[in-house]
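**Student:** Let's see this in three dimensions:
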Amino acid sequence: MQRNVQDFIDDVTAEKITQASLTGAYAQLATKVKPWLAKLLAAIKADQLVQVTLTAKHEPAISFRLETSVINLPLANLTEIGKVTAADDTMPINVYMIAESEALPSGLRIDELGTADDVLADQANAEKLLTDWLTAQTDRLDQITAAEA
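**Tutor:** All right, here's what the predicted structure looks like:
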């Protein structure tokens, strides 16, 4: 899956992006990985850009997203994406795992899950990587919250 950078920016600006969300109990977020990933994969199979959010009630608030993008910046940072890429380039679409919470040191954590094609080709590995990443993020948030208590 690839996109011309300008077409990518135009599609995100025009909200030509599949969006979905799931909610789960904070202590059991790992059980939501399979349906979370399935929503992402369905859009990738249809050659669509996608953003899938996983939320849980927690204090401090935290949300997790899977997003397809040309670089490791959230889709909300579209202006910056345009500044650091060449509009005429065609780039692979990658899948990024994003955690957002005021409790995190920068408020944001973003990691690459893989190219959209690789995630689609090896869904079992993607599920394992995503589960491990999600667990690491919730463990990190728990440590931060415990240290502040």
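**Student:** Going by neighbour count, which residues in stretch 31-44 are buried?
**Tutor:** Using 16 or more other Cβ atoms under 10 Å as the test for burial, stretch 31-44 gives 32-33, 36-37, 39-41, 43-44. C-betas here are computed from N, CA, C, even on glycine.
**Student:** CSV for those residues, including secondary structure, distance to residue 65 and pLDDT?
**Tutor:** Output for those, formatted as CSV (DSSP: H, G, I helix; E, B strand; the rest coil; distance: Cβ to Cβ, whole Å; pLDDT from 0 to 100):
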residue, secondary structure, distance to residue 65, pLDDT
32, helix, 13, 93
33, helix, 13, 95
36, helix, 10, 95
37, helix, 12, 96
39, helix, 11, 96
40, helix, 10, 97
41, helix, 15, 97
43, helix, 13, 96
44, helix, 15, 96
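**Student:** what's the spacing between the lowest-mean-pLDDT helix or strand in the chain and its chain's center?
**Tutor:** Least confident helix or strand of the chain, by mean pLDDT, DSSP states H and E, is helix 78-84 with a mean of 90. Relative to the mean C-alpha coordinate of its chain, helix 78-84 is positioned 17 Å out (Cα atoms, centre = their mean, to the nearest Å).
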